[in-house]
Every structure is written in structure tokens, then in C-alpha cells.
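1. here is the input, now give the coordinates:
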Amino acid sequence: MADSQSIFQRAERGSRGPVPSHSRDEIVAAAVAIADADGLAAVSMRAVAGRLGTAAGSLYRYLSSRDDLLDLMADAVVGALRPFPEAADPFDALAGLARAQLAVYRRHPWLVETIQRTSGLGPNSLAYFDHCLGVLEPLDRPVARKFEAIAMLTGVVTLFARPQPEGVSFAGIDMTRYPNLTAAFAAAGPPAPETGPDLFERTVRSLLSGLLG
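-> Next up is the predicted model:
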């Protein structure tokens, strides 16, 4: 049965058995490399063990399950946000942090899926939240509102980190059934999808202004 404690609350290795030949960090680095190359589905205890040149069973000296491994992977790549971007203005600081966060998510596309299934927060994730709250400390807003803003900021980042559609075609569709859409197209023409940095920046700042302004 899996340990009820979060992987971050457990010792790196048990007190019994032979001395392990690999560290948790080495295991996590191997798993991240597999996920970056082949996606999250390719990450298994067997695949990670194979990359390290050991047997899959040996990894259970360090981890109770694949879920433990996913928790460690997510927290490890979040660590790439350090040192956190700094700015005198809280909105500028969080906008900079959002840009850095987006870069991490795009380097590790599997993180979008993993971050939604993690069962515990590791030291890097806790440091991120702590930093965000420190940035927002000068703002006289309820703490609950600040937590909402931080969570929504991550939501925006994950949205922009997903592959963007090439465009929507309405060829062959009877648009008379959609009068409001037809009228909008007639007035402004079909909107070109805008997914560049300007849209991301505006979305982030609109969110922060709406929740904390």
C-alpha cells in the first residue's frame, strides 16, 4: 500500500536494505528527460530504470509509486523559475513571473497535464506561492483574492502553453443559422487568431487588474 504521506514529507530512502546507487534527483532528471522527449505516457518506472541502467524494482527504494515520481518531476521543473523575476510594481513582477512560467511550460509540455494531478506541493512550488504572496503583500486586498489571482494566473499560463489552433474554417457551413456570428464577421471580417506575446501580456494584466486592481 502506498505511503499516505506526500513524497516531499518522506525520507529520500528507507532505513533498510542495501545502499541505493542513485539519488532521487538522478531518478527525477531521467524521468524529465523521457517526458521531454516522448511525452508523459512514456514515463514508467521501467523506462526510468532502464535509462539509469538498473532494475525497475530498485526505484521503489526511493518512491512508492509513479504518482510520487510525477509529483517530484513537476516540482523539479518549477524550480527553473528561480531566481524569481523582480520588479517594483506588483503587477509588473507577476507579469514577469507569468512570462517565465510560460517558458517553463513550453519547455516541458507534459507539465500542463502533470500539474493538475499532483498530490502534494514540493519546496519549489511552495517557494513560488510564497514569492507571489510576498509580491502582493503591499496590495490592500483580501488574502483569498490574492490566492485566486495566483491560481488564475497559472490557469492563463497553462492555456497559452497548450498548442494553439491554426485557425477555424467555416467553409461548407450554413452561416445563416448563426445570425450574430454572421453579423460580427460582416462588420469586422473573420478575426485572425492572435496568440503572440502581446495577447498573453494583455490577458495577464487584465486578469490582475480585474481581480486586484
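
2. not counting its neighbours along the chain, what's nearest L40?
-> Once flanking residues are discounted, L40 sits nearest to W110: 4.0 Å by CB to CB, 6 or more residues apart in numbering. Placement of C-beta: from N, CA and C, glycine included.

3. hmm, I typed the wrong one, I wanted Y60.
-> Nearest to Y60 is M45, by CB to CB, 6+ apart, at 7.7 Å.

4. which ones are touching that neighbour?
-> Each residue near M45 by CB atoms under 8 Å, 6 or more residues apart in numbering is listed here: 56, 59-60, 63, 66, 69.

5. over to A144?
-> Per CB under 8 Å, 6+ apart, neighbours of A144: none.

6. just the pLDDT at it, thanks.
-> pLDDT for A144: 95.

7. show me what the helix-or-strand element of the chain with minimal mean pLDDT is in contact with.
-> Lowest mean confidence among the helices and strands of the chain (mean pLDDT, DSSP states H and E): helix 179-188, at a mean of 82. The contact list for helix 179-188, computed with CB under 8 Å, 6+ apart, reads 175-176.

8. dump the contacts of M45 to TSV, plus secondary structure.
-> As requested, those are exported to TSV (DSSP: H, G, I helix; E, B strand; the rest coil):
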residue	secondary structure
A56	helix
L59	helix
Y60	helix
L63	coil
R66	helix
L69	helix
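
9. what subset of the residues you listed is buried?
-> Buried members of the contacts of M45, counted by 16 or more other CB atoms under 10 Å: 59, 63, 69.

10. need those in a markdown table with distance to F84 and pLDDT, can you?
-> A markdown table is the format used below for the buried ones among the contacts of M45 (distance: CB to CB, whole Å; pLDDT from 0 to 100):
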| residue | distance to F84 | pLDDT |
| --- | --- | --- |
| L59 | 32 | 89 |
| L63 | 28 | 89 |
| L69 | 26 | 94 |
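
11. nearest to A31, of the residues you listed?
-> Comparing these against A31 with CB to CB places L69 closest, at 5.6 Å.

12. dump the residue contacts of that closest one.
-> Residues in contact with L69 (CB under 8 Å, 6+ apart) are 27-28, 31, 43, 45, 48, 63.
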